[in-house]
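S.K.: show me the folded form of this:
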Amino acid sequence: MNHQITRRISEAQWILTELGFPPAQSNERCALAFLALFDVQPDMPWAAANTPLRGITEMMKFMRVHYGKDYAPNTRETVRRQTIHQFCAAGLATKNPDDPDRPTNSGKTAYRVNGIAWTLAKAHGTDAWSERLATYLERVGTLADQLERQRRLRRIPVRLPDGTSVDLSPGGQNPPIKEIIQGFCPRFTPGGAVWYIDDADEKFAVYDENAFVRARISVPHHGKMPDVIVEHVDESWLVVVEAVTSHGPIDPKRRAEMDQLLQSPRLELVFVTAFSDRATFRQYVADIAWETEVWIAESPDHLIHFDGSKFLGPYD
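M.R.: This next block holds a predicted model:
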């Protein structure tokens, strides 16, 4: 890689960092995509930057021809999902500005940087850079700002049994977790104390460290915790709930793991697998461990008991 190529890539990475992009979107791949969107070749000054309309394949061809970076064809999706998608989310580029109604899976999908970004790029290395950067950040913001606003808008509010609230990140098992806290707990652990909620993105959305200490349970911060742990105060039970979305139910292996993980001399364990609907339950019924319970949110007043001598109770 010659000096001019290395310099241009470094400059593009610096610009991305100045725009507020995190390391994952200011690496070499993203810098090359940035250069492709502005049509800046190694021997061209930034003042000659342009705003071509380019698809992912065209960008990758630009990287290969002008910067000697020959990405494998299967990298195309990585460029789209981990680079261009974030550029669009941050307001740096626009998808299909020539035809906003173009189908999502169209082979003609293309991207173009916006006008204010073009004006900023052309000012790189000049006295106008600082002023134009301030204008850009004021009008467009950074990727972190954009994502934080989206994250706050999409958070899932969950009201706990004690009346306090917690906001969970969207997606994953979090919608079913809301059903567990607000549907299962009032019916089957009335007055219970929620010790732990596993957030899909951030983990430890709720974590009552003192409760675990009193129960003599050592919680591993990097281990596979269940989705919800709630104390059934009246019965001295610790009810362990897994919400089934992309992962499976409490099967024999998972039950043995949690038996070991959450063993307490003060509280006995009860295991519950939670499903949003019967259709999902039917997909996993053969995997569910004996001596556990199943709760289905669409029929919230009922439990399905998987054998054993007790109904909703602990076993030795």
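
S.K.: just give me the longest helix of the protein.
M.R.: helix 3-18 (DSSP state H).

S.K.: tell me the helices and strands packed up against the helix or strand following that helix.
M.R.: Toward the C-terminus, helix 3-18 is succeeded by helix 28-38 as the next helix or strand (DSSP states H and E). Judged by 3 or more CB pairs under 8 Å, 6 or more residues apart in numbering; DSSP states H and E, helix 28-38 is in contact with helix 3-18, helix 56-67, helix 76-79, helix 85-89, strand 111-113. For glycine as for every other residue, the C-beta is placed from the backbone atoms N, C-alpha and C.

S.K.: deepest in the core, which of these is it.
M.R.: Mean neighbours per residue, mean count of other CB atoms under 10 Å, is largest over the helices and strands packed on helix 28-38 for strand 111-113, with a mean of 22.

S.K.: tell me the mean pLDDT for that strand?
M.R.: Average pLDDT, strand 111-113: 94.

S.K.: related to what we said a few turns ago, so the longest helix of the chain versus helix 28-38, what angle?
M.R.: Relative orientation of helix 3-18 versus helix 28-38 (axes from the mean of the first three to the mean of the last three CA atoms, to 10 degrees): 90 degrees.

S.K.: what's helix 3-18 packed up against?
M.R.: Checking 3+ CB pairs under 8 Å, 6+ apart, helix 3-18 ends up next to helix 28-38, helix 56-67.

S.K.: switch the cut-off to 6 Å
M.R.: Helices and strands touching helix 3-18, by 3 or more CB pairs under 6 Å, 6 or more residues apart in numbering; DSSP states H and E, are helix 28-38.

S.K.: and the strand or helix carrying Ala121, C-alpha only, in CSV?
M.R.: Using DSSP H and E, Ala121 maps to helix 115-122. Provided in CSV are the C-alpha atoms of helix 115-122 (Å, rounded to 0.1, in the frame of the first residue of the first chain):
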residue,chain,number,x,y,z
GLY,A,115,-25.1,18.0,0.7
ILE,A,116,-23.9,19.3,4.1
ALA,A,117,-21.5,16.3,4.4
TRP,A,118,-20.2,17.0,0.9
THR,A,119,-19.5,20.6,1.8
LEU,A,120,-17.7,19.5,5.0
ALA,A,121,-15.5,16.9,3.2
LYS,A,122,-14.4,19.5,0.6
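
S.K.: list the buried residues of that helix.
M.R.: Under the neighbour-count criterion of 16 or more other CB atoms under 10 Å, helix 115-122 has 117-118, 120-122 buried.

S.K.: what's that helix packed up against?
M.R.: Using 3+ CB pairs under 6 Å, 6+ apart: helix 115-122 touches helix 129-139.

S.K.: angle of the helix it packs on against helix 115-122?
M.R.: Interaxial angle, helix 129-139 versus helix 115-122 (the same axes, to 10 degrees): 160 degrees.
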